[in-house]
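> Structure, please.
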Amino acid sequence: MAKKPTPARRRVLAALLLVAVVAAGLGWWKARTWLPDREDYPVQGVWLSDDDGAVDWRLLRAAGADFVYLTASEGTGTRDSRFAENLEAARARGMQVGAVHAYDLCAPADAQAANFVTVVPRDKDLLPPAIALDIDSRTCPEAPGEAQMQSELTTFLNQVERHAEKPAILMVSRGLEKRYHLAAMIDRNIWVSQDYLEPGYAGRPWVMWTATDRLRLNAARGPLRWVVVQP
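Model (predicted):
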């Protein structure tokens, strides 16, 4: 028969359990409030989409957002009807603004470019357009081969960059980069993503980094994606 823990041992176990609970709570709180150091990354901002809902632009600016990227369009048919409204609201708070297109690997490049330029005005003061690239089995169950993917993406970039009159930024996920090696194949600035630690999966220097997608601020109802610029 197993011996019952002595009172002293029970106190030790209880203390260890308390330490573990406190550490977990601190870790959870830190994940929700962590921001990259301003001394390391002087320029910081946020990437927003429809899913983030209404935003208090005053509080967002006060939290340290120097710029915002707004998801303007996705694939061939999804558009942010509030893009123009949010663009003006962010600018009214002194923030620079850029537009994001969520690229669909299975959709025609021409139609995706048309979707983007329908939403995003030709405005020299906008930041370079950003193209979010990921492998999504929901919208593209059979991702194209490398040659086809690069050909379609090049067509898309040519049309979007002609509209924006500046080169785009490629926002490449780890999974997509592993499969297609875009950072080495297409000469564009790179935007990478990884919580808390600088990622190296692009294989070359990045210009923008989504440093956390868990940040909680009073400016929005849910977690936000916080982005820094390489100094």
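> Strands of the chain, residue ranges please.
Residue ranges of the strands in the chain, as given by DSSP state E, are 44-48, 67-74, 78-79, 96-102, 130-133, 169-172, 189-193, 208-215, 224-229.
> need those strands in CSV with mean pLDDT, can you?
As requested, the strands of the chain are arranged in CSV below (pLDDT from 0 to 100):
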stretch, mean pLDDT
strand 44-48, 98
strand 67-74, 98
strand 78-79, 96
strand 96-102, 98
strand 130-133, 98
strand 169-172, 98
strand 189-193, 98
strand 208-215, 97
strand 224-229, 98
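> now these in TSV, with mean neighbour count?
C-beta here means a position set from N, CA and C on the backbone, and glycine is covered the same way. As requested, the strands of the chain are arranged in TSV below (neighbours: other C-beta atoms under 10 Å):
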stretch	mean neighbour count
strand 44-48	23
strand 67-74	24
strand 78-79	16
strand 96-102	22
strand 130-133	23
strand 169-172	24
strand 189-193	22
strand 208-215	20
strand 224-229	22
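> Tabulate those in CSV, adding columns for distance to E88.
Shown next, in CSV, are these (distance: least, C-beta to C-beta, whole Å):
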stretch, distance to E88
strand 44-48, 14
strand 67-74, 11
strand 78-79, 17
strand 96-102, 9
strand 130-133, 20
strand 169-172, 23
strand 189-193, 24
strand 208-215, 23
strand 224-229, 20
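> Let me know how buried the closest residue to E146 other than its chain neighbours is, in neighbour terms.
The spatially closest residue to E146, leaving aside those adjacent along the chain, is Y180, at 5.6 Å (C-beta to C-beta, 6 or more residues apart in numbering). When neighbours are defined as other C-beta atoms under 10 Å, Y180 has 22 of them.
> so Y180 makes contact with M149?
Yes - between Y180 and M149 there is a contact under C-beta atoms under 8 Å: 5.8 Å.
> Flag every buried residue along stretch 128-143.
Of the residues in stretch 128-143, 128-134, 136, 140, 143 count as buried by neighbour count, 16 or more other C-beta atoms under 10 Å.
> quick one: it to chain centroid distance?
Taking C-alpha atoms, centre = their mean, to the nearest Å, the mean C-alpha location of stretch 128-143 is offset from the chain mean by 13 Å.
> Let's see it as PDB, backbone CA atoms only.
Extracted C-alpha coordinates of stretch 128-143, given in PDB (Å, rounded to 0.1, in the frame of the first residue of the first chain):
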ATOM      1  CA  PRO A 128       3.900  49.600 -50.500                       C
ATOM      2  CA  PRO A 129       1.100  47.000 -51.100                       C
ATOM      3  CA  ALA A 130       1.600  43.800 -49.100                       C
ATOM      4  CA  ILE A 131       0.700  40.400 -50.500                       C
ATOM      5  CA  ALA A 132      -0.200  37.800 -47.800                       C
ATOM      6  CA  LEU A 133       0.900  34.400 -49.100                       C
ATOM      7  CA  ASP A 134       0.100  31.200 -47.300                       C
ATOM      8  CA  ILE A 135      -1.000  27.600 -48.100                       C
ATOM      9  CA  ASP A 136      -4.700  27.400 -47.300                       C
ATOM     10  CA  SER A 137      -6.400  24.100 -47.900                       C
ATOM     11  CA  ARG A 138      -9.800  25.600 -47.500                       C
ATOM     12  CA  THR A 139      -9.500  27.900 -50.500                       C
ATOM     13  CA  CYS A 140      -6.900  25.900 -52.400                       C
ATOM     14  CA  PRO A 141      -7.100  22.200 -51.700                       C
ATOM     15  CA  GLU A 142      -4.600  21.400 -54.400                       C
ATOM     16  CA  ALA A 143      -1.900  24.000 -54.400                       C
END
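> who's in contact with it?
With C-beta atoms under 8 Å, 6 or more residues apart in numbering as the test, stretch 128-143 has contacts from 69, 71, 75, 98-107, 116, 120, 149, 153, 156-157, 160-161, 164, 166-173, 175-176, 179, 182, 189, 191, 208.
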